[in-house]
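# my questions are about this predicted structure, shown below with the sequence.
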Amino acid sequence: MDRRFEKLAFFLILLPVVFFYFQMPAFQFDVGTDYMSYVDMYKYGYNIEYYYNKKEYVFYYILRMSTALRLGEQSIFILVSVVYSVFWLYFIFLLKNAGYKVWVFVFLYFTVTGIYQNQLNGLRQYMAIAILPCLFIVLYNRQYFVAMVLTVLASLCHASFILVYPFFIFIYLKPTPFRVLFLFLFSFIVSALVVPKLLPLIVSTLFGSYAGYFESALSASANLVSVITKLYYMPLFLLAMYTYRKEVKLGVYDDSYDMVMRFFMILAATYWLFIVNMYFGFFGRVAQYFMIFYIFPIYYLIAQYVKKNKVYSTILVICYVLLPYFLKVTFLATSEYDYNSILKGL
């Protein structure tokens, strides 16, 4: 099949998925805790200059465009959702061009990361998060000019994106089973003992505008349920480590997973950050940057089972992943998972 025709066919198949991806954030109504604060920004001009002073120009100009053209308060969510959708589509195309099974990534993106629901509220940060996986992939592909543009754009979406910069180094480290395991264990020590002690100093030095968080309700520790949900995926990560080590030891490891394993190292280095949430609840917003990397070791595990025709193992992993997501969007739906739309009743 002609490659151009194949790309067009893939794009047409993906269009309904992209529309679904776009419409939920765009047409949400009073979802979560922040919806009305954005509505007030439009109606009364609250905090608009604050975002300009923070150099978060992307959101600032979205607000300015919405108010100047009198597009209505819902236009804020529609324009932000356009940003989400464009970069999600770009992410999917990058994975497709890399030769990976896109359907697995799409499934894991929706069920594991929580990004799709959480982006309904954290508009500024989640525009940066939408750009993040694209940035890491183009860095891996050594497309430095594109990477520089994406880095600047993400940084202009949310000031905290600077915290992601140090993790660029993992793109240039050769992954090995030992390094993945070492990072996983070492990051536990750092997250449990070092970061909670140094965090107030780091925030006051680099992010003075956020120093007030330590004295606010946002500093309250995260609830136990949010911690347990992070631990839920650990057996899959450990199983992926074991499978990776076994493949390498037997000499049958497929180098086409090189990018996946580099991202596995990032997951290993950041997985335990949720421990910091137990000291400072607002740190969960920082940890959200790295939730996208949860999907890569699980993808590797599923891809290996599919490759080896392990049908029952594949189904078991898929069901294991699907169960908590199903509960969160049905019986246990709260906050961003309890969805309402402006289109309801039309």
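That came through fine.

# okay, CA-based contacts and neighbour counts for the rest of this
Fine.

# I figured N121 hits E336, correct?
Yes. Here N121 reaches E336: they are 7.3 Å apart, a contact under C-alpha atoms under 8 Å.

# mutual contacts of those two, please.
V31, G32 (C-alpha atoms under 8 Å, 6 or more residues apart in numbering).

# residues of stretch 308-321 that come out buried?
Of the residues in stretch 308-321, those buried by neighbour count under the rule 16 or more other C-alpha atoms under 10 Å are T314, I318, V321.

# ditto for stretch 137-150
I137, V138, L139, Y140, A147, L150.

# residues touching the nearest residue to the second one once chain neighbours are set aside, list them.
With C-alpha to C-alpha, 6 or more residues apart in numbering as the criterion, V138 has its nearest non-adjacent residue at 5.9 Å, and that residue is A147. The contact partners of A147, by C-alpha under 8 Å, 6+ apart, come to L135, F136, V138, L139.

# if you set the cut-off to 6 Å instead, what comes out?
A147 makes contact with L135, V138, L139, according to C-alpha atoms under 6 Å, 6 or more residues apart in numbering.

# assign a three-state SS to it, would you?
Judged by DSSP: H, G, I helix; E, B strand; the rest coil, the three-state class of A147 is helix.

# ok, it to T33 distance?
Separation of A147 from T33 (C-alpha to C-alpha, to the nearest Å): 33 Å.

# same question, L273
In this structure, L273 and T33 are 23 Å apart, going by C-alpha to C-alpha.

# next one: stretch 337-346 to chain centre, how far?
Chain-centre distance of stretch 337-346: 24 Å, with C-alpha atoms, centre = their mean, to the nearest Å.

# same check, this time on stretch 53-63
So, by C-alpha atoms, centre = their mean, the centroid of stretch 53-63 is 21 Å from its chain's centroid.

# ok, and for it, which residues are buried?
For stretch 53-63, by 16+ other C-alpha under 10 Å, it's K55, E56, Y57, V58, F59, Y60, I62, L63.

# closest one of the contacts of A147 to C157?
Closest to C157 out of the contacts of A147 is L135 (13.9 Å), distances taken as C-alpha to C-alpha.

# contacts only, for that closest one.
Contacts of L135 (C-alpha under 6 Å, 6+ apart): A147, L150.

# per-residue confidence averaged over whichever strand or helix holds it?
In this assignment (DSSP states H and E), L135 forms part of helix 123-140. For helix 123-140, mean pLDDT is 97.

# ok, now stretch 198-217?
Averaging pLDDT along stretch 198-217 gives 65.

# please report how far the residue nearest to V138 lies from I171.
Separation of A147 from I171 (C-alpha to C-alpha): 12 Å.

# likewise for L322?
L322 sits 30 Å away from I171, going by C-alpha to C-alpha.

# Q28: which of the buried residues of stretch 137-150 is nearest?
L150 (27.0 Å).

# look up the pLDDT of the closest one for me, please.
98.

# once you drop chain neighbours, what's closest to it?
Distances taken as C-alpha to C-alpha, 6+ apart place L135 nearest to L150, at 6.0 Å, with adjacent residues excluded.

# so which bits of stretch 81-101 are buried?
Residues 81-85, 87-89, 91-96, 100 are the ones in stretch 81-101 that count as buried (16+ other C-alpha under 10 Å).

# still on that earlier bit, in CSV: the buried residues of stretch 137-150, plus distance to M261.
CSV is the format used below for these (distance: C-alpha to C-alpha, whole Å):
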residue, distance to M261
I137, 12
V138, 16
L139, 15
Y140, 12
A147, 20
L150, 22
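
# rewinding a little: between L322 and I171, which one's more packed in?
A count of neighbours by other C-alpha atoms under 10 Å puts I171 above the other of L322 and I171, at 21 against 16.

# ok, the more buried one to L239 distance?
I171 is 23 Å from L239, by C-alpha to C-alpha.

# how about F145?
Per C-alpha to C-alpha, F145 is found 37 Å from L239.

# in the stretch 151-300 of the chain, where is pLDDT below threshold?
Where the stretch 151-300 of the chain drops to pLDDT under 70, the residues are 206-225.

# in it, which spans are helices?
Applying DSSP state H, counting those that start in this stretch to the stretch 151-300 of the chain gives helices spanning 177-189, 195-206, 224-231, 234-250, 258-270, 274-277, 284-287, 295-307.

# what about those, which gets the closest to Q125?
helix 284-287 (8.4 Å).

# buried stuff in the closest one?
Buried residues in helix 284-287, counted by 16+ other C-alpha under 10 Å: G284, V286, A287.
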